[in-house]
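K.L.:
The sequence and its predicted three-dimensional model are supplied below.
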Amino acid sequence: MTGSPRAEATRARLLEAAVAAFSEKGFHGTTTRDIAGGAGMSPAAVYVHHKSKEELLFLISREGHQSALDVIRTARATTSDPVAQLAAVARAFAEFHAHHHTVARILNYELAALSAEHRASIDELRTGIDRELRTLVRDGVTAGVFDTPDPALAATALASMSVDIARWYREDGEWTPDQIGDYYSDLALRLVGAG
């Protein structure tokens, strides 16, 4: 039965195995056998629960991008002050990319493997993230608390800083997610010329 708790648990195991496989081998280097093996199942199990390997990538991408957008919106909603909003958003977005670095690498480096329809869906979420950051920076400039000649470019730089964390962050590395969040929060305020 498709909606049964057991089927949901199986789908979740397959998604988890796909995350591990895609992060290790990339989308194109991963086979359905790799995913099934990682979940402790036969290769046929992938197709019983998912239409394709690409659908798994889409589900991972959709959930990850929605989570990133939610992190930004939640952090932004904590205050109406643009400076405090940016500090909270930069901290939360950086910590998100550290805590979820494996998924975040897939979100940002495997987009080309998505079908046109799935890519369009993900692009909507990415546009939402960009819109939130641009609006935040623009609001700070309008309020006179940020001094940046190009708010859109500043917002893009803010996003890029955090996205890149997924490329280099490791659990056994030099910095904790909290340390990274604090540092990136300060960097964000400097980047927009917060007074």
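P.N.:
Nice, thanks for sending it over. Numbers count the residues shown, from 1 in each chain.
K.L.:
Following element in sequence after the host helix or strand of residue 48, please.
P.N.:
Take DSSP states H and E as the rule and residue 48 turns out to sit in helix 44-49. As assigned by DSSP H and E, the chain's next helix or strand after helix 44-49 is helix 53-76.
K.L.:
Any regions of this protein where pLDDT drops low?
P.N.:
Low-confidence segments of the chain (pLDDT under 70): 1-3.
K.L.:
any idea how it splits into domains?
P.N.:
According to the TED database, the chain comprises the domains 1-50, 52-192.
K.L.:
give me every residue that touches the residue lying closest to residue 30 once chain neighbours are set aside.
P.N.:
For residue 30, ignoring the flanking residues on the chain, the nearest one in space by CB to CB, 6 or more residues apart in numbering is residue 21 at 4.3 Å. C-beta coordinates here come from the backbone N, C-alpha and C atoms, glycine included. By CB atoms under 8 Å, 6 or more residues apart in numbering, residue 21 lies in contact with 30, 34, 35, 38.
K.L.:
coming back round to it: the helix holding residue 48 packs against which elements?
P.N.:
Helices and strands touching helix 44-49, by 3 or more CB pairs under 8 Å, 6 or more residues apart in numbering; DSSP states H and E, are helix 5-25, helix 32-38.
K.L.:
Apply 10 Å and report the result again.
P.N.:
Packed against helix 44-49 by the contact rule (3 or more CB pairs under 10 Å, 6 or more residues apart in numbering; DSSP states H and E) you find helix 5-25, helix 32-38, helix 53-76.
K.L.:
Flag every buried residue along it.
P.N.:
45, 46, 49 (16 or more other CB atoms under 10 Å).
K.L.:
Please identify the most buried of the domains of the chain.
P.N.:
Of the domains of the chain, the one with the most neighbours on average (mean count of other CB atoms under 10 Å) is domain 52-192, at a mean of 18.
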